[in-house]
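my questions concern the predicted model and sequence given below.
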Amino acid sequence: MTTINQIVEEQRAFYQNGNTRDYQTRRASLESLKRMLKKHEKEIYHALRSDLNKSEHEAYTTEIGFLYSEIDFTLKNLMNWMEPTKVTAPITHKGTKNYIVHEPYGVSLIISPWNYPLQLALAPAIGAIAAGNCVVIKPSEHAKATSSLLASMIKRTFDPSYITVIEGEKETNQELLRQRFDYIFFTGSTEVGRIVMKQASTHLTPVTLELGGKSPAIVDKDANINLAAKRIVWGKFTNAGQTCVAPDYVYVHEKVKFKLLKAMKKYIKSFYGKEPLNNPDYTKIINESHFDRILGYLTDGTLLHGGNADKQSLMIEPTILDKISWDDSVMQEEIFGPVLPVLSFTNVEEAVEMISKQEKPLALYYFGENIKTQEQVIQYLSFGGGSINDTIFHLANPHLPFGGVGNSGMGQYHGQSSFKTFSHQKSILKQSTKFDVPFRYPGSKLGKAVIKRIMK
């Protein structure tokens, strides 16, 4: 049986032989990846249904379709991205040509989570392939059906010395992190992200950490309440709240709180029915441990809507909690489930000040019509990325880099940002031999005067 160390070394040899570098290889690999997904689309639906009870609509829009769009966007722009980037030079560098070469790192490791088990494994891989790297993917052991299918598809499509999937439990992650990779891309919890970063420091391996946090949705008094409610409910309860950028809590102006709560309850019923637990397309919680953890939050505050659960099916209704304080357990960590606590404020400055005291979230959503207030929220609060008058939708624009800040992560990807993440920016100066400027050398009084004048 091939060991993890052997797999890494075989990939390193494959990379060093130059098998991943040229444009045609990268393009052909991305096209093969898309054909693979097309060929196995029905099996993917089945696997995602098995792991999370995802409907075909949700599986396509948040996983398969997202990957198709990302591959197409990359194929359209790859040749241009690979071109060296010319840069200007100061007068002291007259006669030189200066440019940046986008060099692949080498052998990359992608550790992906269970909540979007296909998309979050392959979206970073698209960037790694486009940049010319070899790829080892370690999918989450909690999404067993998708992990198994991903391993099988990749094995039938690619040489394992180029792209491979390694399945396993926690011990497999630990063994992988002991290896010398050239780049590590991790998506998961902040707690595990710290472990990944610590292990990467052993070999000074660069990392991207896509983590999470408590992403707020601020609803101001001048917001379009009906649309705010609709978009918050959609963003929060998609995938049963198991989304790293889902609104973790709502912070609403007290003057519009009642209207917002009423509208949110209306849209929960519209999207998921009066009995969500009997809705065959409602997403389940990934496992019993997470189910019990989320259920524990329902003792906080006042149960305003939902709250029913079925342990056998691992489903928890879309739930709204009212009369929540910052000291409640539901406000101490990322919920990552279909429970939405609601807090209120009397003016937006108060809300902004309170949010600024928390750890920096991965996303932030502001609902309000005043442009000046929108800009104040954007400028004053630090967060990975976000939307004004919407939730989650910023992820779907490949022109926008996606990533966290502080406790919510480091590094960015999607679109060209994925290509750049998996590329070392190598700076090159090409000097002329047609002439040689003498004043940079020692021993010239005139040279010293010229340098002082130029570099003053």
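All right, it came through fine.

neighbours of Leu364, just the number please.
25 (other Cβ atoms under 10 Å). To be clear about C-beta, it is placed using only N, CA and C from the backbone, and glycine gets the same treatment.

any idea which element it lies in?
Assigned by DSSP states H and E, Leu364 falls within strand 363-367.

run through who's touching that strand.
Strand 363-367 is touched from outside by 215-220, 223-224, 227-228, 231-232, 235, 245, 247, 355, 373-374, 377-378, 381, 383-392, 394, with contacts defined as Cβ atoms under 8 Å, 6 or more residues apart in numbering.

for PyMOL, what selects the buried ones among the residues you listed?
Restricted to buried positions by 16 or more other Cβ atoms under 10 Å, the PyMOL selection for the contacts of strand 363-367 reads:
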select buried, resi 215+216+217+218+219+220+223+228+231+232+235+245+247+355+373+374+377+381+383+384+385+386+387+388+389+390+391+392+394
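
picking that back up, walk me through which strands the strand holding Leu364 pairs with, and which way each runs.
For strand 363-367, the paired strands and their directions (DSSP bridges) read strand 216-219 (parallel), strand 385-388 (parallel).

may I see these organised as CSV, with distance to Tyr15 added?
Compiled in CSV, those are given as follows (distance: least, Cβ to Cβ, whole Å):
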stretch, distance to Tyr15
strand 216-219, 42
strand 385-388, 32
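
so how many other residues sit close to Phe419?
The number of residues packed around Phe419, counting by other Cβ under 10 Å, is 24.

next secondary structure after the helix or strand in which it is found?
Phe419 is part of helix 416-421, with elements assigned from DSSP H and E. Reading on from helix 416-421 to the C-terminus, the next helix or strand found by DSSP H and E is strand 423-430.

for that following strand, packing partners?
Counting contacts by 3 or more Cβ pairs under 8 Å, 6 or more residues apart in numbering; DSSP states H and E, strand 423-430 is packed against strand 97-104.

return the list of helices and strands in contact with the following helix or strand past the strand it packs on.
Sequence-wise, the next helix or strand downstream of strand 97-104 (DSSP H and E) is strand 107-111. Under the contact criterion of 3+ Cβ pairs under 8 Å, 6+ apart, the helices and strands touching strand 107-111 comprise helix 4-16, helix 119-130, strand 134-138, helix 170-178, strand 183-187.

how does it look with 6 Å?
The contact analysis (3 or more Cβ pairs under 6 Å, 6 or more residues apart in numbering; DSSP states H and E) places strand 107-111 against helix 4-16, helix 119-130, strand 134-138, strand 183-187.

Thr319 touches Asn308, doesn't it?
No: counting by Cβ atoms under 6 Å, no contact exists between Thr319 and Asn308, whose distance comes to 8.4 Å.

for the two, indicate the residue with more neighbours.
More neighbours surround Thr319 than the other of Thr319 and Asn308, with 25 against 13 (other Cβ under 10 Å).

excluding chain neighbours, what is closest to that one?
With Cβ to Cβ, 6 or more residues apart in numbering as the criterion, Thr319 has its nearest non-adjacent residue at 3.5 Å, and that residue is Gly306.

one more: Leu118?
Leaving aside its sequence neighbours, Leu118 sits nearest to Glu63 (Cβ to Cβ, 6+ apart; 4.7 Å).

contacting residues around the residue nearest to Thr319?
317-319 (Cβ atoms under 6 Å, 6 or more residues apart in numbering).

out of those, who's nearest Pro338?
For Pro338, the nearest member of the contacts of Gly306 is Pro318. The distance, counting by Cβ to Cβ, is 4.9 Å.

in this structure that closest one contacts Lys236, no?
No: with contact defined as Cβ under 6 Å, Pro318 does not reach Lys236; the gap is 7.6 Å.

quick one, which of the two is more surrounded?
Using other Cβ under 10 Å, the more surrounded residue of Pro318 and Lys236 is Lys236, with 29 against 24.

surely that one is within a helix?
Yes: Lys236 forms part of a helix when assessed by DSSP: H, G, I helix; E, B strand; the rest coil.

for it, give me its contacts.
Contacts of Lys236 were listed using Cβ under 6 Å, 6+ apart, and they are 246-247, 340.

cool, Phe336 as well?
Phe336 makes contact with Gln242 under the criterion Cβ under 6 Å, 6+ apart.

if you set the cut-off to 10 Å instead, what comes out?
Taking Cβ atoms under 10 Å, 6 or more residues apart in numbering as the definition of contact, the neighbours of Phe336 are 115, 189, 212, 239-244, 246, 248, 285-286, 290, 293-294.

now Ile285
Counting by Cβ under 10 Å, 6+ apart, Ile285 touches 52-53, 240-242, 291-295, 309, 311, 313-316, 336-338.

please redo it, this time with the cut-off set to 7 Å
With contacts defined as Cβ atoms under 7 Å, 6 or more residues apart in numbering, Ile285 is in contact with 240, 291, 294, 314-316, 337.
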